[in-house]
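Asker: turn this into a model:
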Amino acid sequence: MFHLNLKQLVISETDIEAALNHLRNLPYSAALPEAWHRKRLLDQLREAIGKRPKLDQCYGVAPGVFAIIKPFGVDLASYYEPDERLQVWLLIRPCYTDLNRITIM
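Answerer: The predicted model follows:
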């Protein structure tokens, strides 16, 4: 892993919306105003990534939410414009821990 020069980080609104939807549906979620959820998620994201993001490294952000730093637009099939920005992808664990159904490994 190598550290990236400080470049502008961007995140897709669809990633934010999906992560917020996931977090709001977790068991025992606190009922906060919607704007607070967004601010909290973005603050947690900034804290997890820090000031020196690493390309392709996975960062734990929130329960079941992980971030990966990628070159901007790398997921678009025909995107050829050179762009110096980096994009944060949010990955979401689609389930939560069922305390009544666990396996000892």
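
Asker: relative to residue 86, how far out is residue 63?
Answerer: Separation of residue 63 from residue 86 (CB to CB, to the nearest Å) stands at 24 Å. To be clear about C-beta, it is placed using only N, CA and C from the backbone, and glycine gets the same treatment.

Asker: of those two, which one has the most company?
Answerer: The neighbour count for residue 63 versus residue 86, taken as other CB atoms under 10 Å, is higher for residue 86 (21 against 14).

Asker: check contacts around the more buried one.
Answerer: 4, 7-10, 53, 55, 69-72 (CB atoms under 8 Å, 6 or more residues apart in numbering).

Asker: for PyMOL, what selects the buried ones among those residues?
Answerer: Listed next is the PyMOL selection for buried residues among the contacts of residue 86, using 16 or more other CB atoms under 10 Å:
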select buried, resi 9+53+69+71+72
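
Asker: that's a helix at residue 66, yeah?
Answerer: No. Residue 66: not assigned to a helix; according to DSSP: H, G, I helix; E, B strand; the rest coil it is strand.

Asker: so where do the strands sit in the chain?
Answerer: 9-11, 58-62, 65-71, 86-92 (DSSP state E).

Asker: taking strand 65-71 as reference, get the angle to the lowest-mean-pLDDT helix or strand in the chain.
Answerer: Within the chain, no helix or strand scores below helix 34-49, which has a mean of 91 by mean pLDDT, DSSP states H and E. For helix 34-49 against strand 65-71, the angle by axes from the mean of the first three to the mean of the last three CA atoms, to 10 degrees is 60 degrees.

Asker: could you list the low-pLDDT ranges of the chain?
Answerer: By pLDDT under 70, the weakly predicted segments of the chain are 1-6, 32, 77-82.

Asker: try it again at 50.
Answerer: Counting by pLDDT under 50, the chain has low-confidence residues at 1-3.
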